[in-house]
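# Fold the following and give me the result.
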Amino acid sequence: MTAAFQSNMAAPTPDLSGVEFATSADGLPVARIDDLVLGMVTSPSGFAYLASTVFVRRPLAELTRADFIGHDGRVAGEAEFRARVAETASHKRDLAKLKRVQTRMSASTPWGSSQMAVIYAEGVVAHSTAGHGGFHLSADRNAKIHPPLRKGTPWYEEDCEWAIVALTFPDLFTAYERSLADKTFRNTWPDEWEAIQGAKLAEGESWTKDRRAFDESHAADYIVMSAIFSDQHPGMTEVVAVLGGKRQPDHDERRFLVPSDEYAGRGRFGFVIDPDRHAEYHGPSSFIGWRGRGMGHDRCSRSETAGEGNRRTA
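Here you go, the predicted model:
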C-alpha cells in the first residue's frame with residue numbers, strides 16, 4: 001500500500017551552526033556558508049531581496065553590493081534573511097549526507113538528449129537537457145507513486161512533477177527540498193493532496209484552491225484586466241474590467257475609475273470592482289485604444305489594451 005506523503009508544513013528550529021554573519025562595507029547584512037555568501041540587498045524601488053555569490057575569499061566586512069550576482073527572491077527584513085540563511089545552511093548539510101552521484105549518461109528524454117544526470121538512488125535519476133529536465137523512475141519506483149498521481153510514463157518533469165517524486169521518496173531529499181515539494185504539491189494538486197493526507201487545506205495553503213474559490217465567488221463581478229494611471233484624473237487609475245475576469249467574445253469590457261492607492265492594494269488574483277463605490281467611466285481615456293472613441297460603451301480589444309506606450313499598473 002502506498003503511504004501518505006510526509007507533510008513539512010511546520011517550520012523547523014533554525015540551526016545557524018557553521019554560519020558567519022557580518023555587515024558589509026556598504027552596510028548590507030551578509031553571511032558566509034562554506035563557499036557561498038548571501039546578502040540582503042535593497043533594490044532601488046525599496047524592497048529587499050536575497051542575493052548570493054560564490055568563491056569570494058575576502059572578509060565579509062570588505063564586501064559590497066557589487067560582489068553579489070545571484071537573485072534568490074524577496075525577503076521581508078533581516079529576521080527573514082537570517083531564517084533563509086539558516087535554511088540554506090541546513091540544506092547544504094543535508095545534501096552532504098546524501099549519496100547523489102553526478103555523471104553523464106547517454107539517454108533520450110522527453111525534453112531532448114540528457115546532458116547531465118544525477119543518480120539519487122537506484123531507479124531514481126534526474127536528467128538535465130539543453131532546455132528542460134526531470135526525473136526518470138524505474139518500473140518498481142514508479143509503481144510506488146500514488147495512483148492518482150502516477151503517470152503512464154516514467155518521466156516526471158522538473159517544474160512541478162518533481163514534487164511527486166520527492167514526497168514519495170523523502171529519504172532521497174533534504175528537509176528544504178521536501179518542504180518545497182509539499183508547497184508545490186499543495187499549490188498544484190490540492191484535491192489530490194487532501195485525498196492522500198485526509199485533511200482539508202485552509203485558505204492560503206494552496207494557490208490553486210484559493211484561485212478556484214476566488215473565481216467561483218466573483219463569477220458575476222467585474223474583474224480588472226488592464227489598468228493605467230489616469231492623465232485626466234490625478235490620483236485615479238483607469239481600469240478595464242470584464243465579468244469574472246475572463247475575456248470572452250460576447251463579454252462587455254467596461255471602464256472604471258479607481259483611487260490609485262486603493263488599486264495598489266489589490267489582491268493576488270485581481271481587483272474586484274465594487275459597483276457601489278466604483279462608477280463606470282465613459283470620459284476621455286488614457287488607454288491608447290480607447291482614445292477618440294467618444295463617450296459610449298465601445299469595446300476595447302485585447303490588442304488595444306496591450307498596446308505599446310500604455311503606462312499600465314496591472
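
# Now do the phi/psi pair for residue 225.
Phi and psi for residue 225, reported as degrees, to the nearest 10, are phi -110, psi -30.

# low-confidence ranges in the stretch 101-250 of the chain?
Applying pLDDT under 70 to the stretch 101-250 of the chain picks out residues 249-250.

# Walking through it, point out its strands one by one.
Along the stretch 101-250 of the chain, the stretches classed as strands by DSSP state E, counting those that start in this stretch are 101-103, 108-109, 112-113, 116-121, 124-128, 133-137, 155-157, 222-229, 236-243.

# Tell me which strands the fifth one pairs with, and in which orientation.
According to DSSP bridges, strand 124-128 forms sheet pairs with strand 116-121 (antiparallel), strand 133-137 (antiparallel).

# And the third one, by the same measure?
The pairing partners recorded for strand 112-113 under DSSP bridges are strand 108-109 (antiparallel).

# Give me the distance from the strand it pairs with to the chain's centre.
In terms of Cα atoms, centre = their mean, to the nearest Å, the centre of strand 108-109 is found 27 Å from the chain centre.

# Repeat that for stretch 265-278.
Relative to its chain's centre, stretch 265-278 lies at 23 Å (Cα atoms, centre = their mean).

# So which bits of stretch 128-137 are buried?
Neighbour counts using 16 or more other Cβ atoms under 10 Å place 128, 129, 133, 134, 135, 136, 137 of stretch 128-137 among the buried residues. C-beta coordinates here come from the backbone N, C-alpha and C atoms, glycine included.

# Report the two of the residues you listed separated the most.
129 and 137 (17.1 Å; Cβ to Cβ).

# which residues in the stretch 201-314 of the chain form helices?
Using DSSP state H, counting those that start in this stretch, the helices of the stretch 201-314 of the chain run over residues 207-217, 260-264, 302-305.

# Tell me how many other residues crowd residue 20.
The local packing of residue 20 (other Cβ atoms under 10 Å) involves 14 other residues.

# I'd say it and residue 63 touch.
No: between residue 20 and residue 63 there is no contact under Cβ atoms under 8 Å: 11.8 Å.

# one step back: please convert the strands paired with strand 124-128 to TSV, extending it with distance to residue 99.
Below are the strands paired with strand 124-128 laid out as TSV (distance: least, Cβ to Cβ, whole Å):
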stretch	distance to residue 99
strand 116-121	8
strand 133-137	17
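
# Tell me which of these approaches residue 207 most closely.
Ranking the strands paired with strand 124-128 by proximity to residue 207 (Cβ to Cβ) places strand 133-137 first, at 21.4 Å.

# then the closest one to CSV, C-alphas only?
Taking Å, rounded to 0.1, in the frame of the first residue of the first chain, the C-alpha atoms of strand 133-137 are listed here in CSV:
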residue,chain,number,x,y,z
GLY,A,133,14.7,18.2,-17.4
GLY,A,134,13.1,15.9,-14.9
PHE,A,135,13.2,12.6,-13.2
HIS,A,136,13.2,9.1,-14.7
LEU,A,137,11.9,6.3,-12.5
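
# Distance of the nearest residue to residue 129 once chain neighbours are set aside relative to residue 283?
Using Cβ to Cβ, 6 or more residues apart in numbering and skipping residues adjacent in sequence, the residue nearest residue 129 is residue 112, 4.0 Å away. Distance of residue 112 to residue 283, given as Cβ to Cβ, to the nearest Å: 54 Å.

# what's the answer for residue 162, then?
From residue 162 across to residue 283, the span is 51 Å (Cβ to Cβ).

# who has more neighbours, those two?
Comparing residue 162 with residue 283 by other Cβ under 10 Å, the one with more neighbours is residue 162, at 20 against 12.

# can I assume the more buried one is in contact with residue 133?
No: here residue 162 lies out of contact with residue 133, judged by Cβ under 8 Å, at a distance of 9.1 Å.

# what sits in contact with each of these two?
Residues within reach of residue 162 and of residue 133 at once, by Cβ atoms under 8 Å, 6 or more residues apart in numbering, are residue 126.

# end to end, how far does stretch 48-67 reach?
Start-to-end span of stretch 48-67 (Cα to Cα, to the nearest Å) is 16 Å.

# Tell me who's in contact with residue 77.
By Cβ under 8 Å, 6+ apart, residue 77 lies in contact with residue 48.

# Alright, that wraps it up for me.
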